[in-house]
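Q: with the sequence up front, the predicted model follows.
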Amino acid sequence: MTLVMGILNVTPDSFSDGGEWDTADAAIAKGLSLAQEGADIVDVGGESTRPGAERVEPGEEVTRVLPVIEALAGEGVTVSVDTMRARTARAAVDAGARIVNDVSGGLADPDMARIVAELECDYVAMHWRAHSTEMNEWAHYDDVVREVRDELAARVGALVAAGIAPARIILDPGLGFAKVGDSNWDLLAHLDVFEQLGAGHRLLVGASRKRFLGAAIARAGEEQGDPAPASARDHATTAITTMCAQQGVWAVRVHDARAARDAVQVVSAWQNARERQR
Ligand code: PMM
């Protein structure tokens, strides 16, 4: 069954939930409620990656996430840390995180692959081309599916060469990261291409509340202006979760854990009925 990764951004500026959980106590309470609502994993991040975001000081990033990770792991929650920095990854795993979720797939920090190999934890390698301040300048593709596949394959090669076990690597097409408009739909419509990459890597999809969903559900007349705001994109997100679960995606990264959990269970009930008929 597809796992639900609940998003916990301990940042003042994330694009859709920034500023809500920027004290440790509020973030811990939110993390526990995500788990209670059905998140199998809680993804704790201390650095916003929304388009245009500036980087956070490394010390500040660790200060934001560490107490939250320690407390959630102490309560038995499976925690991933959303970071591009090897130093943060190491501190987080020492504090109880079990998965390193690196939106740069190891490109932002030359030490990341080696440290993750040493930590022997699971590692999400997302497709990435550039930091948030310039990523939209890198959003041109002749064939987005082929290029993202090839670039992810190159990352897998480098990660495995650095000593990370292939079974530890989870791949993510990186929706919204150096991708605009239909590129995101092209990737979603061809997820099978990524499943076929190398040694049967698990797949993670992060579509929650992203801009391309807002554009897809915009009502007549809104297309030219602001697409549906982030807060109005949860039903669209759940539709994506349903499609991902149907395709056997390993996990979806979402803000609304309960809705995702419901969708995953509905797909599972449907698939079980199919099996019974065989
Ligand atoms: N998206 C965001 C942050 N981290 N991690 C992975 N693996 N995949 C994603 O798509 C992803 C991510 C940006 O969204 P947010 O600001 O709502 O956290």
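A: Right, received. Where do you want to start? Numbering: from 1, shown residues only.
Q: wait, what's in contact with Met1?
A: Taking C-beta atoms under 8 Å, 6 or more residues apart in numbering as the contact definition, Met1 lies against Ala245, Val264, Gln265, Ser268. All C-beta atoms are positioned from the backbone trio N, CA, C, and that covers glycine.
Q: who's in contact with the residue nearest to Cys121 when sequence neighbours are not counted?
A: Leaving aside its sequence neighbours, Cys121 sits nearest to Val93 (C-beta to C-beta, 6 or more residues apart in numbering; 5.4 Å). For Val93, the set of contacting residues under the criterion of C-beta under 8 Å, 6+ apart consists of Val81, Val100, Leu119, Cys121.
Q: returning to that earlier point: can I get the contacts of Met1 in TSV with neighbour count?
A: TSV is the format used below for the contacts of Met1 (neighbours: other C-beta atoms under 10 Å):
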residue	neighbour count
Ala245	24
Val264	25
Gln265	14
Ser268	14
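Q: hmm, which two among those are most spread apart?
A: Based on C-beta to C-beta, the longest span within these runs between Ala245 and Gln265 and measures 8.8 Å.
Q: save the contacts of Met1 as CSV, and put in pLDDT and distance to Arg219 too.
A: Compiled in CSV, these are given as follows (pLDDT from 0 to 100; distance: C-beta to C-beta, whole Å):
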residue, pLDDT, distance to Arg219
Ala245, 98, 27
Val264, 98, 28
Gln265, 98, 30
Ser268, 97, 33
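Q: from the contacts of Val93, which land in strands?
A: Val81, Val100 (DSSP state E).
Q: doesn't Leu204 fall inside a strand?
A: Yes - residue state for Leu204 (DSSP: H, G, I helix; E, B strand; the rest coil) corresponds to a strand.
Q: can you offset everything so residue one is 133?
A: Done: numbering now begins at 133, and the last item shifts to Leu336.
Q: just checking, it touches Val256?
A: Yes - the pair Leu336 and Val256 qualifies as a contact (C-beta atoms under 8 Å) at a distance of 5.6 Å.
Q: between these two, which contacts overlap?
A: Each of Asn233, Ile302, Leu303, Asp304 lies in contact with both Leu336 and Val256 under the rule C-beta under 8 Å, 6+ apart.
Q: measure the last one to Arg334 for me?
A: Right, Asp304. As defined by C-beta to C-beta, to the nearest Å, Asp304 lies at a distance of 10 Å from Arg334.
Q: more neighbours, the two?
A: When Asp304 is set against Arg334 and neighbours are counted by other C-beta atoms under 10 Å, the residue ahead is Asp304, at 26 against 18.
Q: how much space between the more buried one and Arg351?
A: From Asp304 over to Arg351 the distance is 30 Å, taken as C-beta to C-beta.
Q: count of neighbours near Gln409?
A: If we define neighbours as other C-beta under 10 Å, then Gln409 has 6 of them.
Q: also Leu291?
A: Based on other C-beta under 10 Å, the number of other residues close to Leu291 is 24.
Q: show me what contacts it?
A: If you count contacts by C-beta under 8 Å, 6+ apart, then Leu291 has Gly237, Gly238, Ala245, Val248, Tyr255, Ala257, Ile301 around it.
Q: show me those residues that map onto strands.
A: Counting by DSSP E, the contacts of Leu291 contribute Tyr255, Ala257, Ile301 to strands.
Q: can you pick the most crowded of these?
A: Ala257 leads the ones in strands among the contacts of Leu291 on contacts (other C-beta under 10 Å) with 30 neighbours.
Q: for it, which residues are in contact?
A: Contacts here follow C-beta under 8 Å, 6+ apart; on that basis Ala257 touches Asp234, Gly237, Gly238, Leu284, Arg287, Val288, Leu291, Ile301, Ile302, Leu303, Asp304.
Q: the last one reaches Trp260, doesn't it?
A: No - the pair Asp304 and Trp260 fails to qualify as a contact (C-beta under 8 Å) at a distance of 9.3 Å.
Q: list the contacts of Arg217.
A: By C-beta under 8 Å, 6+ apart, the contact set of Arg217 is Pro190, Glu193, Ala240, Asp241, Met244.
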